[in-house]
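**Student:** sequence plus the predicted model coming up.
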There are 4 protein chains.
Amino acid sequence: MTSPASPGIGHAPAPPIPAPGCKESQILNGAAEVFARDGYEGASMSRIAMQASVSKGTLYNYFASKADLFAAYVHRDCARWIALMFEDLDPATPPEEALHQVGRRMFAMLLSEPALVMYRMVVAEAQKFPELAQSFYREGPARAVGHLSRFIRRAAAGGLLSVADPDFAAEQFFALIQTQLSMRRRLHLIGMPSEAEIQHVVDGAVRLFMKSYGA
Amino acid sequence: MTSPASPGIGHAPAPPIPAPGCKESQILNGAAEVFARDGYEGASMSRIAMQASVSKGTLYNYFASKADLFAAYVHRDCARWIALMFEDLDPATPPEEALHQVGRRMFAMLLSEPALVMYRMVVAEAQKFPELAQSFYREGPARAVGHLSRFIRRAAAGGLLSVADPDFAAEQFFALIQTQLSMRRRLHLIGMPSEAEIQHVVDGAVRLFMKSYGA
Amino acid sequence: MTSPASPGIGHAPAPPIPAPGCKESQILNGAAEVFARDGYEGASMSRIAMQASVSKGTLYNYFASKADLFAAYVHRDCARWIALMFEDLDPATPPEEALHQVGRRMFAMLLSEPALVMYRMVVAEAQKFPELAQSFYREGPARAVGHLSRFIRRAAAGGLLSVADPDFAAEQFFALIQTQLSMRRRLHLIGMPSEAEIQHVVDGAVRLFMKSYGA
Amino acid sequence: MTSPASPGIGHAPAPPIPAPGCKESQILNGAAEVFARDGYEGASMSRIAMQASVSKGTLYNYFASKADLFAAYVHRDCARWIALMFEDLDPATPPEEALHQVGRRMFAMLLSEPALVMYRMVVAEAQKFPELAQSFYREGPARAVGHLSRFIRRAAAGGLLSVADPDFAAEQFFALIQTQLSMRRRLHLIGMPSEAEIQHVVDGAVRLFMKSYGA
DNA sequence: GATGAATGAGGGTTCATTCAT
DNA sequence: AATGAATGAACCCTCATTCAT
């Protein structure tokens, strides 16, 4: 119903992301800004209402509570940039080149401002919103690893890589991308790294990976 | 700065960690409990006062504000368990064995409950308390990498490893430890991993590392 | 249904009770449920609208305000069960038997759930809605006493009772029905009394009454 | 301390009524005024704070919630005027005179402004505060009936009255006091009755009572 | 130094009411 | 005639902070 276009696939998104122009979307935009700036606890419904240019009452016409609004915001924004992450890799790409490509994309995505904000909030509130942490993990990191793992398995089957445990290997590659540079960025100690810095980290990761897992 | 070697001189550490028995310490203990449970915004001075068995007035005799108290708590507790992390590695240890040893220790420490709590809080409040994030990074991750880097450099000098950039190599090893298992633990999705799971991750990290950097 | 049948006579009731099927009636039914459950202040127009299956806007098309709606509800429901109270007593009935009969009916009616609810609400809001209390009194207790008083007067005229002040005597009988049992019921301390308990109270009332006022 | 006079009895009051001058008392005075005027739901903590000349925060330093404050108010004010009700009747008083005396006192008390207010509130909120209704009944009406019942029993034992069931007889007398005058007063339809009106009702009650139960 | 009563701004939430459709 | 989205004031309650004792 929400996407009759692509026949045969139809895995409908659970929370139907609101149309960009509508009031609900307007509220979520305001919420995104305030939550990102102040965190969950620090954000106030008053400020969100103000930022979204609606009355406080209207907030509650769309979302039953602050927690609900927060969940909706996380879901929408997760879905947004997760979608950008993985257009499937062409299996024909030589592994080394594919790793470079996906490595750079991952890196850039991980350290992008919206992803950072999301990561910070989900980590911070994981205790209070366990189901949010769960769905964040499932929709984000888990899917990324899954995609990479499938690529590795195919490459191994084709004799291009020599990997016994593709899942674990994918996790390792994913981990190698997140050096201290990521940590410092997450702690707001640095801004977005330059292209050269990214390249350096990714090169290092690919080199280590291929040395072990190259055919 | 941390080097207490120079004898006879008592250059006091910047934030003088309070004597364990005193009232200030008593307050910080209460604060630790409450901050860990409720987060910065969620914690209330009343609850902290109650937990520490002092009056609210006394809190303000020792700490000018909630933010101040929070900073003091982070500093003290960071210092506490960072200290446990790195008794210096014996340079005589064979690299592979040393990596296994330090890998296991890092892993266990990183995923321990107090470290998780601290990580979560610092990440969550990095925006509001930038200087806190800075000192957390300096006293924690940066020192860990520094230690490992020095060990690698020595081993390379001795011909036991073949590493061009010891700092970067150390970061890579550190990164390899933090697979999805860490991510899931940070998101409260799993409890403390078993000894076998730890061993598996560390083995994999050492294998990858040695394949590239082994002499 | 209230008797539009009688041809030729148009003594319209002051607040024209709405026809049972119409939208106004539908709203009042919803209001009755919610007011009874939540009281005047506790009731919300949203819940009433929901209960009545109409939109909030429609509520205001029929009633200018919450207070108006409340008044309409009280009027209609008072009228409803007051009507059931007194089909006129047959003057030929021997007084003692008539008193037993009317006593039991009064008692049962007074302690019935809808009457209790109404009593509670009118008492509670007597200050805020004085005209409501007035009309409640006039349509309820005053009419009950009036009926009984007329019966007593006729009986006295016929030599069956010896009563100087029929109004006062009727009030006394009415009062004797309302022992502590009524009080406890009004305070929600007990449920509906059993038939035996009712009989006991009514017997006692009739006995006392007849001892003084019997011919 | 509250009643050192009667030795050997000492039934201490459960909720220690606060000293008249203290802040708690000051708050309760403000609460009494506002609750009496606006009812439980209608009263706002802000108005109470204002009326009591304290800040809203202070209210919550003394009472955990609005419900708590309401309960404390009911308890204190019940206790206050219940105490005035029954200094024990002298058993030597002739029954008819005693009934006149207690009848007038009851009547006046029942229809006094504070008792009315209390009655209205307890009835109104009996559903939401059942334990309050219970303790109101126990401390008020039940005790009144108990006192009267004991007097009647003694008189019957002394041959001055002829009563088989003193409890029921006491209830009947109590009921006879509460004619429509009481009802009208409870509905705020009239002010305090005149001395003559009171006398009339009480005379009638005593007459009916003595006609049946006189020796 | 230690206390805890007092404060008042601000928190999330509900509500009666309005009005464009 | 009927709707329901939008409003903003008011609700109860919590909070960090102050200050007289």
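**Tutor:** In hand now; what should we look at?

**Student:** could you use CA atoms for every contact and neighbour count after this?
**Tutor:** OK.

**Student:** could you tell me how many residues sit around the residue in chain A that chain C sits nearest to?
**Tutor:** Relative to chain C, the nearest point of chain A is residue A:61 (12.1 Å; CA to the nearest CA). If you count neighbours by other CA atoms under 10 Å in any protein chain shown, residue A:61 ends up with 10.

**Student:** and the pLDDT for it?
**Tutor:** With respect to pLDDT, residue A:61 has a value of 94.

**Student:** does the host helix or strand of it reach DNA strand E?
**Tutor:** Assigned by DSSP states H and E, residue A:61 belongs to helix A:56-62. Yes. Helix A:56-62 lies within reach of DNA strand E by CA under 7 Å from any atom of the strand, at A:56-57, A:60.

**Student:** list the helices and strands the helix or strand bottoming out on mean pLDDT in chain A packs on?
**Tutor:** The weakest-scoring helix or strand in chain A, judged by mean pLDDT, DSSP states H and E, is helix A:66-85 (a mean of 82). Applying 3 or more CA pairs under 8 Å, 6 or more residues apart in numbering or on different chains; DSSP states H and E, we find helix A:66-85 packed against helix A:23-42, helix A:95-111, helix A:113-124, helix A:130-139.

**Student:** point out where chain A drops to low pLDDT.
**Tutor:** A:1-19, A:82-88 (pLDDT under 70).

**Student:** that older thread, the least confident helix or strand of chain A to helix A:113-124, inter-axis angle?
**Tutor:** Orientation note: helix A:66-85 sits at an angle of 130 degrees relative to helix A:113-124 (axes from the mean of the first three to the mean of the last three CA atoms, to 10 degrees).

**Student:** neighbouring contacts of helix A:66-85?
**Tutor:** Applying CA atoms under 8 Å, 6 or more residues apart in numbering or on different chains, the contact partners of helix A:66-85 are A:15, A:17, A:28, A:31-32, A:35, A:40, A:45, A:63, A:105-106, A:109, A:115, A:118, A:132, A:136, A:139-140, A:144.

**Student:** which residue lies farthest from the center of chain A?
**Tutor:** residue A:57 (31.6 Å; CA atoms, centre = their mean).

**Student:** tell me how far the residue of chain A found nearest DNA strand F lies from residue A:32.
**Tutor:** Among the residues of chain A, residue A:57 lies closest to DNA strand F, at 3.2 Å counting by CA to the nearest atom of the strand. Distance, residue A:57 to residue A:32, by CA to CA, to the nearest Å: 18 Å.

**Student:** what's the answer for residue A:54, then?
**Tutor:** 14 Å.

**Student:** give me the buried positions along stretch A:43-57.
**Tutor:** A:43-45, A:47-52, A:54 (16 or more other CA atoms under 10 Å in any protein chain shown).

**Student:** can I get stretch A:181-195 as CSV, trimmed to CA atoms?
**Tutor:** What follows is stretch A:181-195, C-alpha atoms only, in CSV (Å, rounded to 0.1, in the frame of the first residue of the first chain):
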residue,chain,number,x,y,z
LEU,A,181,39.9,8.8,14.8
SER,A,182,36.3,7.6,15.2
MET,A,183,36.6,7.7,19.0
ARG,A,184,37.8,11.2,18.9
ARG,A,185,35.1,12.2,16.6
ARG,A,186,32.5,10.6,18.8
LEU,A,187,33.8,12.5,21.7
HIS,A,188,33.4,15.7,19.7
LEU,A,189,37.1,16.3,20.0
ILE,A,190,37.6,16.7,16.3
GLY,A,191,35.5,17.7,13.3
MET,A,192,35.0,15.6,10.1
PRO,A,193,38.3,14.1,9.0
SER,A,194,39.8,15.1,5.7
GLU,A,195,39.7,12.9,2.7
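
**Student:** and the gap between the residue farthest from the centre of chain A and chain B?
**Tutor:** 24 Å (CA to the nearest CA, to the nearest Å).

**Student:** residue A:59 now?
**Tutor:** Relative to chain B, and taking CA to the nearest CA, residue A:59 is found at 22 Å.

**Student:** okay but residue A:133 is in contact with residue B:187, surely?
**Tutor:** Yes. With contact defined as CA atoms under 8 Å, residue A:133 reaches residue B:187; the gap is 5.8 Å.

**Student:** okay, and the common contacts of the two?
**Tutor:** Joint contacts of residue A:133 and residue B:187 (CA under 8 Å, 6+ apart) are A:122-123, A:126.

**Student:** top of those by neighbour count?
**Tutor:** Most neighbours among the shared contacts of residue A:133 and residue B:187, by other CA under 10 Å: residue A:122, with 27 neighbours.

**Student:** touching, that one and residue B:189? I think so.
**Tutor:** No. Using CA under 8 Å, residue A:122 makes no contact with residue B:189, being 11.8 Å away.

**Student:** identify the contacts common to the two.
**Tutor:** By CA under 8 Å, 6+ apart, the residues touching both residue A:122 and residue B:189 are residue A:133.

**Student:** pull the number of nearby residues for residue A:129.
**Tutor:** So residue A:129, with other CA under 10 Å, has 17 neighbours.

**Student:** ramachandran angles for it?
**Tutor:** Phi and psi for residue A:129, reported as degrees, to the nearest 10, are phi -130, psi 70.

**Student:** close to DNA strand F: what parts of chain A are there?
**Tutor:** Close to DNA strand F, as judged by CA under 7 Å from any atom of the strand, chain A has residues A:23, A:53-58, A:61.

**Student:** of these, which is the nearest to residue D:198?
**Tutor:** residue A:57 (53.8 Å; CA to CA).

**Student:** could the helices and strands packed on helix A:66-85 go into CSV alongside distance to residue C:172?
**Tutor:** Formatted as CSV, the helices and strands packed on helix A:66-85 follow (distance: least, CA to CA, whole Å):
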stretch, distance to residue C:172
helix A:23-42, 64
helix A:95-111, 85
helix A:113-124, 71
helix A:130-139, 67
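
**Student:** would CSV of those helices with distance to chain B be doable?
**Tutor:** Converted to CSV, the helices and strands packed on helix A:66-85 look like this (distance: least, CA to the nearest CA, whole Å):
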stretch, distance to chain B
helix A:23-42, 6
helix A:95-111, 13
helix A:113-124, 5
helix A:130-139, 6
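
**Student:** most tightly packed of the ones you listed?
**Tutor:** helix A:113-124 (a mean of 22; mean count of other CA atoms under 10 Å in any protein chain shown).

**Student:** how far is that helix from where the chain is centred?
**Tutor:** On the basis of CA atoms, centre = their mean, to the nearest Å, helix A:113-124 sits 9 Å off its chain's mean C-alpha point.

**Student:** now do that helix and helix A:130-139, the angle between them.
**Tutor:** Going by the same axes, to 10 degrees, helix A:113-124 makes 140 degrees with helix A:130-139.

**Student:** hmm, who's touching helix A:113-124?
**Tutor:** Against helix A:113-124 from outside (CA under 8 Å, 6+ apart): A:36, A:39-40, A:74, A:77-78, A:81, A:109-110, A:132-133, A:136, A:186, B:120-121, B:123-124, B:186-187.

**Student:** show me which residues of chain A sit near DNA strand E.
**Tutor:** Counting by CA under 7 Å from any atom of the strand, chain A sits next to DNA strand E at A:41-47, A:56-57, A:60, A:64-67.

**Student:** if anything else comes up later, I'll come back, but that's it for now.
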